[in-house]
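>>> Have a look at this prediction, sequence included:
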Amino acid sequence: MKQVVQNFRTGELKVEDFPPPALKPGGLLVRTAFSLISAGTERVTVETAKDSLVGKAMSRPDLVTQVLATFKREGFAATYQKVKARLDQVKPMGYSTSGFVAAVGAGVGEFAVGDRVACAGAGYASHAEFNFVPSNLCARLPETVSLEAACYTTLGAIAMQGVRQAEAKLGETAVVIGLGLVGQITVQLLKAAGCLVLGIDPDGRARGQAIVSGADATAGTDEEARTACSTMTAAKGADFILITAGTKSSGPVCLAADLSRDRGRVVVVGLVGMDVPRNTYYQKELELRLSRSYGPGRYDPMYEENGIDYPIGYVRWTEKRNMEAFLQLASAGKVNPEGLTTHRFQIDHAADAYNMIIGKGGSDGSVGAVAPVQHSTRDNEPTGLKRPDRVFPAGFRCGIVLEYPGANAALPKAAPRQKSLAPASGDIGIGFIGAGAFARGVLLPIVAKSRNVKLTGIVTATGVSAKNSAGQFHFAYAATDPEQVLDDPQTSCVFIATRHDSHHALAVECLRRGKSVFVEKPLANTAEGLCEVIQAARQSEGLLFVGFNRRFAPLAVDIKNRFQPRQGQLSLIYRINAGGLPPEHWTHDAREGGGRIIGEVCHFVDFAAYMSDSIPVRVFASAVPQVRHADFLDDSAAISIGFSDGSVASIFYAASGDPSISKERIEIFGGRAVGVINDFKTAEFTHKRKTVKLGGGNQDKGHAAEIAAFLDAVRGRITAPFTLESLSATTAATFAMNESIRSGNGIDVDLTTIFRPASDSITPAESF
């Protein structure tokens, strides 16, 4: 499929072919008919990407701070890989589209294949022939609304949320500062609400369009605005002001204070400077409000990604309901989004559209400036609708629309999959499923540099990510369907680096096909999933390996060797300054992430098991209660573990510490010796009053060594570093920790259910 992307390093923008996105539960696969370029927002994005590295750094000082913190913690090499992985990506463009539903994901009941829909959301409603969009970011079109009008819906919802924040009332006088696309739609909405409207913009062409949109008066300068507002309000001042401009200047905020009546309302919708003139705002006792994008639900992953709606009795206007309301107004003729279209481009010529908005030249495709584009009825479009084409002033840009020919064509048929499981000859054929930040910054650079391997295919949920990763790390192909890697006869082992809930099901499918599998932790986030994958591993010729990298760290191996031969049991203290995660982070989701104990503490359990050469048999855990989020059991916890050889470990996992303190410190006691590891950078071993200092270079947590060990084990050069019993016990121990936190009791780590006879039936793998 064709999609518009931009290289973040160079700023180059082009249309490329990508695999269509994967269909996932809770959303729709939509074939795009039209998408809208937001000239203001997307111009800033394009110009920022074209900046030098210094310019990018100056525009995002928060990211510079993160880079410096990573450098301090992990050293130059690791930081360089992570920054390089980010800069080498291409970024999808766009966030407002319309089209036809091509496929419906599980759990979505309100849409059917063939429905005409409007779609919203950066990363979802992209300038692409196909998009996967969660159901709460889709709205069905009324019969009388054209697909071109519908591609304005996201911008319409943004404008509508601003109007709602202003609490516009019938007969009030409103001022709109900034008459770009959102400003024009805002004018139309305010007129539909029965308000008098003054529009302000230095561009005379924008002011002319505002009159067409319904504005009662316009002004081009601050002085003209003060005069016009005084005339319209009999010198009382406007009831409310909506700032829809985009500028680094605080001028609009200052002007709004001058134009407002006593105790008026000022709502900031656009990206403007916010140096507020306190005296004026104080003397008039003005309300300054900010409008957050499309409305309630925005930036809430439970709403946007998981499809959990807010009850209408408590939240009347969510972002989806704002989208639907805008479409109803368009259907009733109260707003006229198509009348704002000044330029139309075919998707193949999207680069020309972007060159135009940044002033680089090229074909302008404008309606009227070149030639009016006549309406042609499309399949499934309402008949009798007329595009309100008219001649716009030369050079005026407002609504810039991309068109996608053949939008109602059938989905392309997938190529038949090969069922042969013959291994790749010669080199090990490696497939990869998942390419998030950790995979791109850590795992993939190591795998790509490994000797005697053949990188077959890489699979991610979006075609952009898949193709970008395939090109960066030299995989033979990119895909969005895991089956393409799982059924590939040239792939003999698979790396799984997806979100936690899919780990066990994907691992089971690999093992059932006789492939070896490297699963990034955790192995599973439910007891049922753990049982299933262990049973599959017992019956498979493939090797099961989990990314417990710390046991492979050079300092860990060195310290363990210095305790040999072992004299008695070990006592281990592991302190982790983990740092907090936002409440909405997917790791906290019980289904998708499983929580931080299952997702990360498993690392430290495995490390203690490695040091003691035993497995956990009993745990007791106590969590620091989260006042605002009582369901987060494991953000900070103190955990005691008893091991099968009598060794004990104490793990203190803290999410509330200062990030300048090292993340991990380990102290190991046994045989009258003490080993200490500091963040896997330095270590020391003390025995008979003599201390040996170790390390001192860059941080090395063992990722390269673990991947080398996995590949050597696949080749049969070494025995597997993990037993199935150890993998089971480590993961089961994290489940027991959560149970202990809830119950307040010590919990035994029970493996009897997991290691039932291999002949017992295996529960079919869940869909991934």
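Here it is on my side, so go on. Residues are numbered from 1 along each chain as shown.
>>> now the strands for the stretch 401-550 of the chain?
428-433, 453-459, 477-479, 493-496, 516-519, 544-546 (DSSP state E, counting those that start in this stretch).
>>> shaky segments in the stretch 551-700 of the chain?
625-634 (pLDDT under 70).
>>> Tell me where it has strands.
So, for the stretch 551-700 of the chain - with DSSP E, counting those that start in this stretch - the strands run 571-577, 616-623, 637-643, 648-654, 664-670, 673-678, 682-687, 690-695.
>>> quick one: residue 278 and residue 332, what's the gap?
Distance check for residue 278 against residue 332: by CB to CB, to the nearest Å, it reads 43 Å. C-beta here means a position set from N, CA and C on the backbone, and glycine is covered the same way.
>>> okay if I get the strands of the stretch 551-700 of the chain as CSV plus distance to residue 511 and mean neighbour count?
Below are those laid out as CSV (distance: least, CB to CB, whole Å; neighbours: other CB atoms under 10 Å):
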stretch, distance to residue 511, mean neighbour count
strand 571-577, 31, 20
strand 616-623, 24, 21
strand 637-643, 28, 21
strand 648-654, 30, 20
strand 664-670, 32, 20
strand 673-678, 33, 20
strand 682-687, 36, 17
strand 690-695, 37, 12
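>>> Format the ones you listed as CSV; extra columns: distance to residue 212.
Below are the strands of the stretch 551-700 of the chain laid out as CSV (distance: least, CB to CB, whole Å):
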stretch, distance to residue 212
strand 571-577, 59
strand 616-623, 61
strand 637-643, 62
strand 648-654, 60
strand 664-670, 63
strand 673-678, 68
strand 682-687, 70
strand 690-695, 70
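>>> For residue 735, which of these is the nearest?
Closest to residue 735 of the strands of the stretch 551-700 of the chain is strand 616-623 (CB to CB; 9.5 Å).
>>> what helices or strands is that closest one leaning on?
For strand 616-623, the elements it packs on are helix 602-612, strand 637-643, helix 724-743, strand 747-748, judged by 3 or more CB pairs under 8 Å, 6 or more residues apart in numbering; DSSP states H and E.
>>> one more time with 6 Å, if that's ok
The contact analysis (3 or more CB pairs under 6 Å, 6 or more residues apart in numbering; DSSP states H and E) places strand 616-623 against strand 637-643, helix 724-743.
>>> what pLDDT, on average, does the last one get?
This means helix 724-743. Across helix 724-743, the average pLDDT comes to 95.
>>> Please, where are all the helices along the stretch 151-300 of the chain?
Remark: helices assigned in the stretch 151-300 of the chain by DSSP state H, counting those that start in this stretch are 153-166, 181-192, 204-213, 222-233, 251-259, 278-284.
>>> Residue 522: which of these is closest?
Using CB to CB, the helices of the stretch 151-300 of the chain put helix 153-166 closest to residue 522, at 36.6 Å.
>>> contact partners of that closest one?
Here helix 153-166 makes contact (CB atoms under 6 Å, 6 or more residues apart in numbering) with 95-96, 118, 120, 181-182, 185-186, 189, 240, 242, 265, 267, 269, 289, 291, 294-295, 317, 319, 322-323, 326.
>>> Strands - which of those land there?
Counting by DSSP state E, the contacts of helix 153-166 place 96, 118, 120, 240, 242, 265, 267, 289 in strands.
>>> Would you check which pair of those residues lies furthest apart?
Spatial extent of those (CB to CB) is set by the pair 118 and 265 at 28.9 Å.
>>> The two - which one has more neighbours?
Higher neighbour count among residue 118 and residue 265: residue 118, with 32 against 22, using other CB atoms under 10 Å.
>>> what pLDDT does that one get?
For residue 118, the model assigns a pLDDT of 98.
>>> And for residue 56?
pLDDT recorded at residue 56 is 47.
>>> buried residues in stretch 95-112?
Residues of stretch 95-112 classed as buried by neighbour count (16 or more other CB atoms under 10 Å): 95-105, 108, 111.
>>> Can you tell me how far residue 272 is from residue 42?
Residue 272 is 17 Å from residue 42, by CB to CB.
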